[in-house]
Structures are given as structure tokens and as C-alpha cells.
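Peer 1: Sequence first, predicted coordinates after that:
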Amino acid sequence: MIDRTVPTIAAALDGIADGAVVLLGGFGSVGQADALIEGLVEQGASDLTVVANNAGGGNAGLSRLLAAGRVRRLVCTFPRARSGPSVFEELYRAGRIELEIVPQGTLAERLRAAGAGIPAFYTATGAGTVIAEGKETREIGGRTYVLEHALHGDVALVAAWQADRWGNLTYRASGRNFNPVMATAARLTVVQAAYLLPLGDIAPEHVVTPGIFVDRVVEVPAMREGA
């Protein structure tokens, strides 16, 4: 019997090693697997490379992981907070963390490519800018394109709205954002779900992420608050 559910966050995060590349779904705080990220702080893995749309905000989730000194390198699109200094900015100015900025569409496509088995692709985004420095370029149809490589993760921490024991997932509204592509791009995909439903309660046409991409699911009812 296929059952990808686990009873606790600690069990969901078991085995994540130092030096892992961790993919974090979410756009700002929306759709971010904060319970799993907080659990990762407690789990203790360090020297991490984190891939996320932004660099966190406030004092929870990714910001707490950064403040704990667990992240060596951040790959993201928006490293700056909208108001006031962030934990990331303080670390970066102190030379305590590395940064790779990736345009948002390119970030999404690099993750999608990893899940689809595509090793690399050409994009016009970033051509002629510092984004293209050190990268292969090619002229196609009179326009310059930059070669970007697929972005694989060792683990993806995903926030879903509904899940079943097979790992089939749905998302709620904009919580969908980066979560589906990241779920496909990692060797280990760990999911926190607001609702764990009996098998068959999620209609096949409503499944966004099929269970074949999911390894572990833990129910986090606190996600339902304020929904």
C-alpha cells in the first residue's frame, strides 16, 4: 500500500544533510512551507544552499533559518525587503552569505527544466547585463540569448492545501506559485498540507502535483487559520 504520510515534522525532515540544496516554494510569505522551515531550524542541517523567490521577511520561516546561520548561499529573485533591513541584508553586508540573483521567469524555468529532464535552455532574459557574465551566449535570429542550466534540489519544502496518502496535491489560490515546479525538481519532496484527505476525495482533474513527485506528506492544520 502506498502511503507517503508521516506523523511529525521531524519525521518529514529526517535525513536532510549538511550542504543540501533546499528549494523553498512561496512568493513572499504566501505559499511558503513555514512549518517545515521552522522544523529544519530544529533539525540542524547547515551549510545549505537555499533557492527561493525572495530572501524572507520578518522573523519566521526563511528569516529564522538565515538568522540561525544555517544558509551558506541564497539563490533568489528578490533579495531585498520592501521596508527596513532584513536578516539576509545584514548577513550579506557582513560577508556571511553568498547570493546569486536569478530573474523570476528564468528561476521558474530552470526549476521546470530540472523536473522535465531538460539540462539547459536559452533565454533572452539577462542578455547584455551582469546576469549574463561568465555564461555561454548564442545569437539566434539576430538576437542574443543566454544559456541557463536546470536547477536541481536535494530537497523541496512545499506547502499544499490538500493532500492524500499517495501524495497527490492541490494548492489554494496564489499559494500555488513556485510550489508545483519545485516539487518536481528535487530528489526528495517534503510537503506540509493543510488538509490530509482520504484517497479518492481529490478529483483527478483537481490534482496539480501528482503523487509520483512527492516523497513525504505531513498534515499541518495551523495552515487553515485565516484562510
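Peer 2: Received the coordinates, thanks. Since this is a predicted model, take the numbers as computed values, not measurements.
Peer 1: Mind checking which residue lies nearest the centre of this protein?
Peer 2: Nearest to the mean C-alpha position of the chain, by Cα atoms, centre = their mean, lies Leu24 at 2.3 Å.
Peer 1: which intervals of the chain have sub-threshold pLDDT?
Peer 2: Within the chain, the set of residues satisfying pLDDT under 70 comprises 82-85, 226-227.
Peer 1: need the helices for it, in chain order.
Peer 2: Using DSSP state H, the helices of the chain run over 9-12, 34-43, 62-67, 87-93, 104-116, 179-184.
Peer 1: how close does the most far-flung residue of the chain relative to its centre sit to Ala124?
Peer 2: Relative to the mean C-alpha coordinate of the chain, counting by Cα atoms, centre = their mean, the farthest residue is Gly142 (35.0 Å). Separation of Gly142 from Ala124 (Cβ to Cβ, to the nearest Å): 11 Å. Placement of C-beta: from N, CA and C, glycine included.
Peer 1: same thing with Ala35?
Peer 2: Relative to Ala124, Ala35 is positioned 39 Å away (Cβ to Cβ).
Peer 1: More neighbours: these two, which one.
Peer 2: Comparing Ala35 with Ala124 by other Cβ atoms under 10 Å, the one with more neighbours is Ala35, at 18 against 11.
Peer 1: Let me see the contact set for that one.
Peer 2: By Cβ atoms under 8 Å, 6 or more residues apart in numbering, the contact set of Ala35 is Ile9, Gln192, Val218, Val220, Ala222, Met223.
Peer 1: Kindly recompute the last result at 7 Å.
Peer 2: Applying Cβ atoms under 7 Å, 6 or more residues apart in numbering to Ala35 gives the contacts Ile9, Gln192, Val220, Ala222.
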